[in-house]
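Visitor: Provide a 3D model corresponding to the input given below.
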Amino acid sequence: MTDGIYILANDVVFDHLVALLNSLEVNGAKDIPVCIIPYDDRMKKVQVEIATRPHVTLLENTDSITFWEDFATQVWKTHAKAQKVWKSQGLKPVQCLEMHRKLCCFDGPFDKFIYFDADTLLMGSLDYIYQKLDEFDWVANDFQYKSDLNYIFDLSSAKLPQILNIDELQSHTFCAGWFASKAGVFNRNNCSQFIEKITSGEAEIMSLRGADQSLLNYLVARSKISFYNFAYTQPEQVTGNHWSSQFDVIDYVLYDKGRRLTYLHYMSISAAKITRLCAGEDVEIPYRDVFLHYRYLNSPQTQPKLTPPNVLVRLQRNLKSWGIQKVNNVQFKLRNFWDR
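Guide: Below is the predicted model of the structure:
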């Protein structure tokens with residue numbers, strides 16, 4: 001049996017990827033093989049980077065990529081509401097189709113795997129996750145269940161309670177940016193069965209607010225595979241993982257009330273912001289020193305010296321830290337002052 005890690009990435013999230021790979025090496029996953037799933041064809045920098053890392057490979061199974069993109073396309077083209085909304089917004093027929101490539105995990109080289117979005121840092125051992133996969137087909141460790149269920153499923157759909165058990169649904173939702181499962185849990189045979197269900201009208205129960213996340217949650221819930229979420233089952237014993245939480249930093253490792261995090265997810269912080277930071281701009285992100293530590297772990301001499309922000313930006317940051325929101329007329333007066 002081969003345990004492994006999948007990461008969806010391209011050159012746009014290159015800085016994220018390097019930081020994640022470095023964190024894997026020093027925080028408990030040094031000997032776990034990693035497979036990079038290409039988000040798209042922008043992979044030149046990624047290919048150069050992984051050539052220096054013998055335990056990291058690139059998924060080159062184009063047949064797998066084609067199959068899962070076709071599967072996602074069939075799903076979402078059947079969703080009448082999605083097609084209407086996305087068309088009105090000038091979007092493609094399938095929003096964020098590339099994000100669905102994470103489904104390649106299910107016919108990749110690893111028997112048991114953990115999937116990471118590239119905007120993640122490993123903080124601690126993954127052993128307990130792989131061990132739990134001996135008992136369950138799907139393992140999560142996040143607090144998505146505390147969020148609005150309407151982000152995952154369309155609660156306005158009259159078909160939802162006819163298809164899924166509403167009473168169990170909240171406790172079984174998860175973040176699609178980090179999860180663990182096994183090869184073959186979803187495959188070409190059972191996906192053809194899902195397509196039949198979806199095209200018969202079940203597509204409408206999926207929310208449009210996160211296409212790949214809605215689809216993955218639908219597949220898990222509809223298949224009724226065994227599911228375990230550490231954060232739901234053991235809420236007092238596990239840590240948070242989202243950057244918005246207040247964690248303690250000790251030697252570039254994050255702790256939640258004395259408990260070491262498993263991972264930190266920079267979800268919703270744009271890759272462009274990280275790129276600007278790594279280009280030397282004084283950009284604020286949570287746990288910035290932690291991120292920069294892992295990004296330049298193997299080449300500290302290349303870490304840029306950040307250019308200090310101007311006085312106005314520093315003042316705005318101070319106001320924010322004091323809990324004061326920007327006020328347009330105050331900002332206007334300050335700009336006039338500095339223009340004198």
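Visitor: in this protein, what spans have low per-residue confidence?
Guide: Flagging of the chain using pLDDT under 70 yields the residue ranges 1, 309-340.
Visitor: let's see 50
Guide: 325-340 (pLDDT under 50).
Visitor: what are the ranges of the helices in it?
Guide: Taking DSSP state H as the test, the helices found in the chain are 14-26, 44-50, 62-77, 80-88, 127-132, 160-163, 166-169, 188-199, 211-223, 230-233, 271-278, 288-295, 311-321, 328-338.
Visitor: Now render these as JSON lines, adding distance to residue 114.
Guide: Glycine gets a C-beta too; all of them are placed from N, C-alpha and C. Below are those laid out as JSON lines (distance: least, CB to CB, whole Å):
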{"stretch": "helix 14-26", "distance to residue 114": "10"}
{"stretch": "helix 44-50", "distance to residue 114": "18"}
{"stretch": "helix 62-77", "distance to residue 114": "18"}
{"stretch": "helix 80-88", "distance to residue 114": "29"}
{"stretch": "helix 127-132", "distance to residue 114": "6"}
{"stretch": "helix 160-163", "distance to residue 114": "29"}
{"stretch": "helix 166-169", "distance to residue 114": "24"}
{"stretch": "helix 188-199", "distance to residue 114": "22"}
{"stretch": "helix 211-223", "distance to residue 114": "14"}
{"stretch": "helix 230-233", "distance to residue 114": "13"}
{"stretch": "helix 271-278", "distance to residue 114": "22"}
{"stretch": "helix 288-295", "distance to residue 114": "18"}
{"stretch": "helix 311-321", "distance to residue 114": "35"}
{"stretch": "helix 328-338", "distance to residue 114": "44"}
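Visitor: Please identify the most buried of these.
Guide: helix 14-26 (a mean of 24; mean count of other CB atoms under 10 Å).
Visitor: burial count for residue 149?
Guide: 17 (other CB atoms under 10 Å).
Visitor: Residue 171 is in contact with that one, correct?
Guide: No - taking CB atoms under 8 Å as the definition, residue 149 is not a contact partner of residue 171, at 10.4 Å.
Visitor: do you know how far the closest residue to residue 143 other than its chain neighbours is from residue 106?
Guide: If the residues on either side of it in the chain are set aside, residue 143 comes closest to residue 231, at 5.1 Å by CB to CB, 6 or more residues apart in numbering. Going from residue 231 to residue 106 by CB to CB, to the nearest Å gives 23 Å.
Visitor: Surely the residue nearest to residue 143 touches residue 147?
Guide: No - the pair residue 231 / residue 147 is not scored as a contact, 11.7 Å apart, by CB under 8 Å.
Visitor: Would you mind measuring from residue 9 to residue 25?
Guide: Relative to residue 25, and taking CB to CB, residue 9 is found at 16 Å.
Visitor: swap in residue 192?
Guide: For residue 192 relative to residue 25 (CB to CB), the value is 40 Å.
Visitor: mind listing the strands for the stretch 101-250 of the chain?
Guide: Under the criterion DSSP state E, counting those that start in this stretch, the stretch 101-250 of the chain contains strands at 112-117, 120-122, 138-140, 178-182, 227-229, 248-250.
Visitor: List the residues that contact residue 210.
Guide: Residue 210 makes contact with 151-152, 176, according to CB atoms under 8 Å, 6 or more residues apart in numbering.
Visitor: That concludes my questions; thank you for your assistance.
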